[in-house]
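**Q** Following is a predicted model, sequence given first.
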Amino acid sequence: MKTIAEIAAARAFSQLVPRPLALIPTMGALHEGHLALIRQARAEVGSCATIAVSIFVNPLQFAPKEDFSHYPRTLEADAALCEQAGVNLLFHPSVEEMVTSDASISIKESQLSRSLCGASRPGHFEGVATVVAKLFNILTPDIALFGEKDWQQLAIVRRLVRDLNFSIKILAHSTVRESDGLAMSSRNSYLSPQERAVASRIYEALQATASLVQAKESTVSTLLQATRTALNSIPKATIDYVEIVDEESLQPLQKIGPDSKARVLVAVRLGKTRLIDNVKL
């Protein structure tokens, strides 16, 4: 595995490796969800092609009072996991390498980022889109893989590729979960033992909502109320948002019909930790 921290070296390396090149952008603190993406990438490109993982804790997607300085950074352990998983390139640039001090250009998405996490984290997706585009330009991947847990991010990256004509195929992997159903996340390490003990109830609430849809409940207001009630019953939980939206446009739905591509998305705080999850309906 080649480990590179400089943009010029990463660009040069990516131009010489066997294609296709599959990229998995991450912020590190890797877990089984990331490893699932690596396995999917290898299955997609084959044994003779190239898998690149980027690790960059992106300051542009953190608000001033968010957890940028405390976000887990475990580069040595992450590198070992990548090597064991058969990654060919680990790109881990510094902030100074990726973000120039007088940068004056960024990428702002104006529709999909208005609601959900975009409403509660202003500027977050501008930071995501800008750095993802930079990674695409540096490494010129043929394929890029993202997890479905961050569904809004996935939708925005797909729109980024479509609207800016990147020649990149975007693949998604279903949310990887702990044995009790909690969606895997680097931020799960922030949870206290008491919070971790009840965190799986977020997924249970989403599953209950999906069950209502399977039982032919189609009125979104009824489904949202049931989801909120279940989430509010979790000790120390505070709801940021609960929405049922079209999977592609992220527009709120009023009813779920036979042709609807609906998904319920939630953000919940347990103590100081903000957790997101979603389920297809």
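**A** That came through fine. Keep in mind the model is a prediction, meaning the values are calculated, not measured.

**Q** Can you get me a residue count around the residue lying closest to N88 once chain neighbours are set aside?
**A** Closest residue to N88 apart from its sequence neighbours, by Cβ to Cβ, 6 or more residues apart in numbering: T50 at 4.7 Å. Bear in mind the C-beta positions are built from the backbone N, C-alpha and C, glycine included. Using other Cβ atoms under 10 Å, T50 has 23 other residues around it.

**Q** T50 pairs with what?
**A** L21 (DSSP bridges).

**Q** Pull the contacting residues for it.
**A** 14, 17-22, 88-89 (Cβ atoms under 8 Å, 6 or more residues apart in numbering).

**Q** Just the closest of those to R201, please.
**A** Distance to R201, by Cβ to Cβ, is smallest for A22 among the contacts of T50, at 35.0 Å.

**Q** which residues touch that closest one?
**A** Going by Cβ under 8 Å, 6+ apart, A22 touches 41-42, 44-45, 49-52, 141-145.

**Q** Do you know the pLDDT at it?
**A** Per-residue confidence (pLDDT) for A22: 98.

**Q** re the thing from before, can you tell me how far the residue nearest to N88 sits from Q84?
**A** Going from T50 to Q84 by Cβ to Cβ, to the nearest Å gives 17 Å.

**Q** Now restrict the contacts of T50 to buried residues only.
**A** Buried members of the contacts of T50, counted by 16 or more other Cβ atoms under 10 Å: 14, 17, 20-22, 88-89.

**Q** Of these, just say which sits nearest to V266.
**A** A22 (29.9 Å).

**Q** Which ones among the contacts of A22 lie within strands?
**A** Counting by DSSP state E, the part of the contacts of A22 found in strands is 50-52, 143-145.

**Q** Quick check: H31 vs E178, distance?
**A** Taken as Cβ to Cβ, the span from H31 to E178 is 10 Å.

**Q** Mind listing the shared neighbours of the two?
**A** M184.

**Q** Now distance to T227 too, for the buried ones among the contacts of T50, in JSON lines please.
**A** Listed next are those as JSON lines, based on distance: Cβ to Cβ, whole Å:
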{"residue": "S14", "distance to T227": "43"}
{"residue": "V17", "distance to T227": "45"}
{"residue": "P20", "distance to T227": "40"}
{"residue": "L21", "distance to T227": "40"}
{"residue": "A22", "distance to T227": "35"}
{"residue": "N88", "distance to T227": "42"}
{"residue": "L89", "distance to T227": "41"}
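
**Q** and those residues, which two are the farthest apart?
**A** P20 and L89 (13.2 Å).

**Q** I'd say I234 and R201 touch.
**A** Yes - I234 is in contact with R201 according to Cβ atoms under 8 Å; the separation is 4.8 Å.

**Q** quick one: contacts for the nearest residue to L139 once chain neighbours are set aside?
**A** Leaving aside its chain neighbours, L139 sits nearest to S14 (4.6 Å; criterion: Cβ to Cβ, 6+ apart). The contact partners of S14, by Cβ under 8 Å, 6+ apart, come to 21, 50, 52, 89, 138-141.

**Q** redo that, cut-off 10 Å
**A** By Cβ atoms under 10 Å, 6 or more residues apart in numbering, the residues touching S14 are 2, 4, 21, 23, 50, 52, 88-89, 91, 138-141.

**Q** Equivalent analysis for A63, please.
**A** Neighbour list for A63: 120-124, 127 [criterion: Cβ under 10 Å, 6+ apart].
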